[in-house]
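[1] Provide a 3D model corresponding to the input given below.
(one chain, ligands or ions: 1)
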Amino acid sequence: MSRQIYVIAEPCIGVKDRSCVAVCPVDCIHGGEKDPQLYIDPNECIGCGLCESECPVDAIFLEDELPAKWKDFMGVNARFFETSPPGK
Ligand code: SF4
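    Next up is the predicted model:
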């Protein structure tokens with residue numbers, strides 16, 4: 001069975017509340033001041049779901065449950081970590 005991961009979608013853009021960052025047990029949610037939104041590292045997320053319930057704008061979804069209009073955000077999240085290693 002493949003691992004379920006979470007993805008941050010469009011509602012985060014311009015909000016970046018960061019409540020999710022505070023609860024993530026593996027510190028896999030990143031994004032700096034200049035980034036439009038926050039992103040979940042697909043290689044680090046353990047699928048615990050804690051971030052989903054913390055988000056005040058309902059921007060976080062299980063990969064398989066992303067609304068069709070936001071499917072692109074799987075790639076948006078993953079690409080962030082290809083170009084911006086966490087901590088940079
Ligand atoms: Fe972090 Fe859990 Fe959310 Fe994955 S599902 S980003 S591990 S809080």
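[2] Please count neighbours and contacts with C-alpha atoms only from this point.
    Fine.
[3] State the mean pLDDT of the host helix or strand of Ala78.
    Here Ala78 sits within helix 73-83, counting by DSSP states H and E. Taken as a whole, helix 73-83 has an average pLDDT of 95.
[4] just stretch 7-19 next, same as before
    The predicted model assigns stretch 7-19 a mean pLDDT of 98.
[5] quick one: the helix holding Ala78 to chain centroid distance?
    Relative to the centre of its chain, helix 73-83 is centred 9 Å away, using CA atoms, centre = their mean, to the nearest Å.
[6] helices or strands up against it?
    Packing contacts for helix 73-83, counted by 3 or more CA pairs under 8 Å, 6 or more residues apart in numbering; DSSP states H and E, involve strand 6-8, strand 39-40.
[7] interface residues of the chain facing the ligand?
    Neighbours of the ligand within the chain, by CA under 6 Å from any ligand atom: 6, 23-26, 28-29, 40, 45-51.
[8] Quick check: closest non-adjacent residue to Ile5.
    The shortest distance from Ile5 to any non-neighbouring residue, by CA to CA, 6 or more residues apart in numbering, is to Gly47 (4.8 Å).
[9] who's in contact with that neighbour?
    Contacts here follow CA atoms under 8 Å, 6 or more residues apart in numbering; on that basis Gly47 touches 3-6, 62.
[10] So Val26 sits against Cys45, correct?
    Yes. Under the criterion of CA atoms under 8 Å, Val26 makes contact with Cys45 at 7.1 Å.
[11] which one of those two has more residues nearby?
    Neighbours per residue, other CA atoms under 10 Å: of Val26 and Cys45, the larger number sits with Cys45, 20 against 11.
[12] Let me know the helix or strand that the more buried one is in.
    Assignment of secondary structure by DSSP H and E places Cys45 within no helix or strand.
[13] Need the per-residue pLDDT for it.
    Reported pLDDT at Cys45 in the predicted model: 98.
[14] can you check Ala68 too?
    The predicted local distance difference test score for Ala68 is 98.
[15] Noted, bye for now.
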